[in-house]
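J.: task: produce atomic coordinates for the following.
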Amino acid sequence: MAIPATLKSWDVAVVGEIYADHVFSGFPSWPGPGEEVIAENYLRELGGGAINTACALSRLGRRVRLVGLIGEADLDWFEGRLGEFGVSMDGIRIGNDGTGITVSVSTVEDRSFFTYAGVNRALPELLASPEIVADLAAARHVHFAMPLPRDLAAILLPLLRQAGCTTSLDVGYSPAWLRDPINRPSFRDVDLFLPNAKEAALLSGDEEPSSFEAWSLGAGIGRAVMKQGAGGAWIVDERGLRRVPAPRITAVDSTGAGDAFDAGLIDGMLDGESIDGCVERGCVCGALCTTAAGALQALPHSPQLRTLREQTYGS
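T.: Numbers count the residues shown, from 1 in each chain. Below you'll find the model as predicted:
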């Protein structure tokens, strides 16, 4: 199936697993078997990298298509919350199972996650449908916030390239996917690979940027960016390895910062900036995201991005 390049209906299509997050915090200690402890705080929020990046891009003024699956019982909640960020439900499909759920439980020392995939298990099948492929091809850029199955990637990524789409990939912390050599061609087939330091270490053996550069060159990857949180980010491309520092900022919560980084970087790509300028935008968006609890509360508007970027990089 060939898809010709056409006029684009939106700037970015963001694809990935969607979750309802239930965040419990403020426990004095971790309970033993059969014990109960009481949380001081509870938050229910939309979750998943696709949600975070789509909302961040929309807040930056981009026309966004969010593609994923939820359960019917959560339709009204998702529609209302996404509407607050200007993200429509047109790309969302209702699955036969419930919405994916993640429960986060944290003490002062640590936190743990319990996840139910729910309708997300049907996402590869959804992405193989001609209707969804055409939907994605109507975007200037397609961002995959998921571990993309290789059999699907081998078909989908070339079709998107034919349609004139640029692409990016952030698989999150998916050790089995990252370590499986069958997925190596997918790194080469996207325009930009966006791991964080821990994810990069699963590929290169450690978190040293030079190790990731060596791995990227050996894998034949044209361009990758390794996110390092407060340490900024490292670019690997034909110009070699170089670092873009992060803005100095008082962080409250790092949840979703990597997803906000992705949004800032893609925002720069859509404006035709150099990769260094795109990564500056990513670092600014990631930093600003950390200034409030949760992934969505502090996503920046374009004026905030420009102001902190000028203060940090003078550009």
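J.: ranges for the strands of the stretch 1-150 of the chain?
T.: 10-16, 19-27, 41-47, 64-70, 92-94, 100-107, 111-116, 139-145 (DSSP state E, counting those that start in this stretch).
J.: show me what the shortest one is packed against.
T.: Contacting strand 92-94 under the criterion 3 or more Cβ pairs under 8 Å, 6 or more residues apart in numbering; DSSP states H and E are the following elements: strand 64-70. Every residue, glycine included, has its C-beta placed from N, CA and C.
J.: who are the packing partners of the strand or helix carrying Arg306?
T.: Using DSSP states H and E, Arg306 falls within helix 302-313. Contact here means 3+ Cβ pairs under 8 Å, 6+ apart; on that basis helix 302-313 packs against helix 275-289.
J.: ok so, going back, and the strands of the stretch 1-150 of the chain: which comes nearest Pro175?
T.: Nearest to Pro175, of all those, is strand 111-116, at 14.4 Å by Cβ to Cβ.
J.: show me where pLDDT drops low in the stretch 51-200 of the chain?
T.: Residues of the stretch 51-200 of the chain meeting the criterion pLDDT under 70: 108-110.
J.: touching the helix holding Arg306 from outside, list them.
T.: 60-61, 245, 247-249, 264, 267, 280-281, 283-285, 287-288, 300, 315 (Cβ atoms under 8 Å, 6 or more residues apart in numbering).
J.: show me which of these are buried.
T.: 60, 247, 249, 264, 267, 280-281, 283-285, 287-288, 300 (16 or more other Cβ atoms under 10 Å).
J.: in CSV, list these along with distance to Asp97.
T.: Shown next, in CSV, are these (distance: Cβ to Cβ, whole Å):
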residue, distance to Asp97
Leu60, 32
Pro247, 41
Ile249, 40
Gly264, 33
Asp267, 33
Glu280, 41
Arg281, 37
Cys283, 37
Val284, 38
Cys285, 33
Ala287, 37
Leu288, 35
Pro300, 34
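J.: closest one of those to His143?
T.: Asp267 (11.1 Å).
J.: that closest one - that's part of a helix, no?
T.: Yes - assessed with DSSP: H, G, I helix; E, B strand; the rest coil, Asp267 lies in a helix.
J.: I'd guessed it sits against Arg59; true?
T.: No - if you go by Cβ atoms under 8 Å, Asp267 and Arg59 don't touch, sitting 10.0 Å apart.
J.: residue furthest from the geometric center of this protein?
T.: Gly34 (36.7 Å; Cα atoms, centre = their mean).
J.: contacting residues around it?
T.: Contacts of Gly34 by Cβ under 8 Å, 6+ apart: none found.
J.: which residues of the stretch 151-300 of the chain fall in strands?
T.: 166-169, 192-193, 224-227, 233-237, 240-244.
J.: just name the most buried of the ones you listed.
T.: Burial of the strands of the stretch 151-300 of the chain is given as mean neighbour count (mean count of other Cβ atoms under 10 Å); strand 224-227 ranks first at a mean of 26.
J.: how much space separates Gln304 from Ala137?
T.: 32 Å (Cβ to Cβ, to the nearest Å).
J.: hmm, I typed the wrong one, I wanted Val103.
T.: Counting by Cβ to Cβ - Val103 and Ala137 are separated by 36 Å.
J.: and for Ala50?
T.: Distance from Ala50 to Ala137, by Cβ to Cβ: 18 Å.
J.: these two - which one has more neighbours?
T.: Neighbours per residue (other Cβ atoms under 10 Å) separate Ala50 from Ala137, with Ala50 holding more: 26 against 22.
J.: which residues touch that one?
T.: With Cβ under 8 Å, 6+ apart, Ala50 has these contacts: 14-18, 66-68, 145-146.
J.: which of those lies closest to Trp77?
T.: Of the contacts of Ala50, the one sitting nearest to Trp77 (Cβ to Cβ) turns out to be Ile18, at 11.8 Å.
J.: list the contacts for the closest one?
T.: 46-48, 50-51, 68-70, 78, 92, 99-100, 120.
J.: what does Trp30 give?
T.: With Cβ under 8 Å, 6+ apart, Trp30 has these contacts: 37, 107.
J.: with Thr99 instead?
T.: Contacts of Thr99 by Cβ under 8 Å, 6+ apart are 18-20, 70-71, 73-74, 78, 118-119.
J.: again with Ala201
T.: Contacts of Ala201 (Cβ under 8 Å, 6+ apart): 207, 211.
J.: pLDDT score for it?
T.: What the model reports as pLDDT for Ala201 is 97.
J.: that one and Asp151, how far apart?
T.: Taking Cβ to Cβ, one finds Ala201 at 27 Å from Asp151.
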